[in-house]
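quick one: sequence plus predicted model below, questions after.
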Amino acid sequence: MKAHLRKIVLELTDAFWTLPAVIVLFLCGLAVLAVDIQAAEALPSWFPDEWIYAGGDTGARTLLGAIASSTISVAGTLFSITIAALTLASSQMGPRLLRNFMRDRGNQVTLGVFLGTFGYALIVLRSVRGGEDSAFVPALGVTIGLVLAGACIALLIYFIHHVASRINVDTVIDLVHDDVLKGMARLTLDQDPPARPDAIDWEQGEEISMPDDGYLQQIETESLVDWAEENDCVIRFLKRPGEFVFPHTPIARVSRCVEGAEEAIRNCIALSRQGGSPKDLTFPIGQLVEVAVRALSPGINDPRTAISVLNRLGATLTSLSRRSLDDGARDRDGVVRVRFPPLAYSDLTNVMFEMIRESAGGSPSVLIHMVTVLTEVAGVETVPERLDALRRHARIADAEGQARFVNEVDKQRLSAACSACLAIAALSSERLRGKL
């Protein structure tokens, strides 16, 4: 059940309403506490009297009413600005990037404080009483309300600047690229994993399927390793985290038939209707690619954005040149108990470059820059299989351009860039052979 709990926690973390709801509840509780402290006359003696509101009940009602009405009005405006920003981001950069805007803490805190201040002012306002015998003015509550009003003014200024900067396409690309680098640091290794060949005859084992469909989001790997060790078997998954699972199709195999295997595996898996998994490196890369593909569409036609995305993808690959991809094997005491389909370097580069190349076939500047990025990566890469993948993409890009470019000069520039990439890759291979 840990996988399902992690899925719920992840959904709550990404939800737009979670943090504002917490802030509203906190400020409403603060209002009740402030009123109770004033009613019990429990204000500390060391607290400066000049900091406390010293007006009457009429002034308190006026101040709290003004705070409540203004904050709820501005909160409505902020919601309108947020929806407008989301609409713009969806049309310009793709609907899948809305997740980045929805989970933005700056937007959530701003809206939460405004709504929380509204609730705070109403709760304190209801405790204000006039009259000579039963008059009660929650001076501490009014004072805190004035502080919250000042905080709302500061947050309003911050919010306008924040939204204006967040809808900038370069800012969005940088934020998604940061997610890519964080995922790479988490899901790749500092050194090559040990050789762990798979010598099991899986045809003799048992197939496990899921009754539902969805993206494979969470897997309790440690629990599966424990179960496999207890039952002396090996589990091989047929899907990587983040891939779509079709109903009643095999998702895993067990090396031998074990009673309760289907229930054990299903209980350790959580599917999601939306793509993306904390263990899926290709998802944030796909978000970057979507920005580039939309920028290359005829309706937008912004090749500079696509070039900016290619630069970030190249930076990702040059950073990866010093790290190793996970082989997907999970062992216990030297015995492999769970296997996942490994993410190959060629799979990663396919996700990065295939869709951009298809969309950039009529844009010489983008396609030539793609080959230039491949050349830069080939200059620092030393693994033969990775160099082969880079060469393949350079040759395919050259063939794409030769078939679709109209200007002969553009064709020649692309061919020269491709030749340079192949030469750099060959030089890297020579350096590797020299070291060996």
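Arrived safely. Numbering: from 1, shown residues only.

quick one: contacts for Pro278?
Pro278 makes contact with Leu10, Arg186, Gln218, Pro241, according to Cβ atoms under 8 Å, 6 or more residues apart in numbering. Using the backbone N, CA and C atoms, a C-beta is placed for each residue, glycine as well.

all helices of the stretch 1-150 of the chain, in order?
In the stretch 1-150 of the chain, the segments counted as helices under DSSP state H, counting those that start in this stretch are 2-14, 18-39, 57-93, 98-102, 105-125, 139-166.

mind checking which of those helices is nearest Leu343?
Taking Cβ to Cβ, helix 2-14 is the member of the helices of the stretch 1-150 of the chain nearest to Leu343, at 20.1 Å.

please save the CA atoms from that closest one in CSV.
Provided in CSV are the C-alpha atoms of helix 2-14 (Å, rounded to 0.1, in the frame of the first residue of the first chain):
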residue,chain,number,x,y,z
LYS,A,2,3.0,2.3,0.2
ALA,A,3,2.9,2.9,-3.5
HIS,A,4,-0.7,4.0,-3.3
LEU,A,5,0.1,6.3,-0.4
ARG,A,6,3.0,7.8,-2.3
LYS,A,7,0.7,8.3,-5.3
ILE,A,8,-1.8,10.2,-3.1
VAL,A,9,0.9,12.3,-1.5
LEU,A,10,2.3,13.2,-4.9
GLU,A,11,-1.1,14.2,-6.2
LEU,A,12,-1.7,16.3,-3.1
THR,A,13,1.7,17.9,-3.5
ASP,A,14,1.0,18.8,-7.2
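
can you list the low-confidence ranges for this structure?
Along the chain, the model assigns pLDDT under 70 to residues 1, 3, 46, 131-133, 432-436.

show me the strands in it, by range?
In the chain, the strands defined using DSSP state E lie at 188-189, 206-209, 214-219, 235-237, 244-245, 250-254, 269-272, 324-325, 329-332, 335-339.

would CSV of those with distance to Gln287 and mean neighbour count be doable?
Below are the strands of the chain laid out as CSV (distance: least, Cβ to Cβ, whole Å; neighbours: other Cβ atoms under 10 Å):
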stretch, distance to Gln287, mean neighbour count
strand 188-189, 19, 14
strand 206-209, 30, 17
strand 214-219, 14, 22
strand 235-237, 24, 24
strand 244-245, 17, 15
strand 250-254, 25, 21
strand 269-272, 16, 20
strand 324-325, 20, 18
strand 329-332, 27, 16
strand 335-339, 28, 21
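
and the residue nearest to Asp190 when sequence neighbours are not counted, its phi and psi?
Leaving aside its sequence neighbours, Asp190 sits nearest to Arg323 (Cβ to Cβ, 6 or more residues apart in numbering; 6.5 Å). For Arg323, the backbone dihedrals (degrees, to the nearest 10) come out as phi -130, psi 170.

re earlier: just the buried ones from the contacts of Pro278?
The neighbour count (16 or more other Cβ atoms under 10 Å) marks Leu10, Gln218, Pro241 as buried among these.

residue contacts, the last one?
Neighbouring residues of Pro241 by Cβ under 8 Å, 6+ apart: Leu216, Gln217, Gln218, Ile219, Ser277, Pro278, Lys279, Asp280, Phe340.

ok, now with 7 Å
Counting by Cβ atoms under 7 Å, 6 or more residues apart in numbering, Pro241 makes contact with Leu216, Ile219, Ser277, Lys279, Asp280.

return the member of those residues nearest to Ala426.
Asp280 (33.6 Å).

near the closest residue to the closest one other than its chain neighbours, how many other residues are there?
Closest residue to Asp280 apart from its sequence neighbours, by Cβ to Cβ, 6+ apart: Gly242 at 2.8 Å. By the criterion of other Cβ atoms under 10 Å, Gly242 has 20 neighbours.
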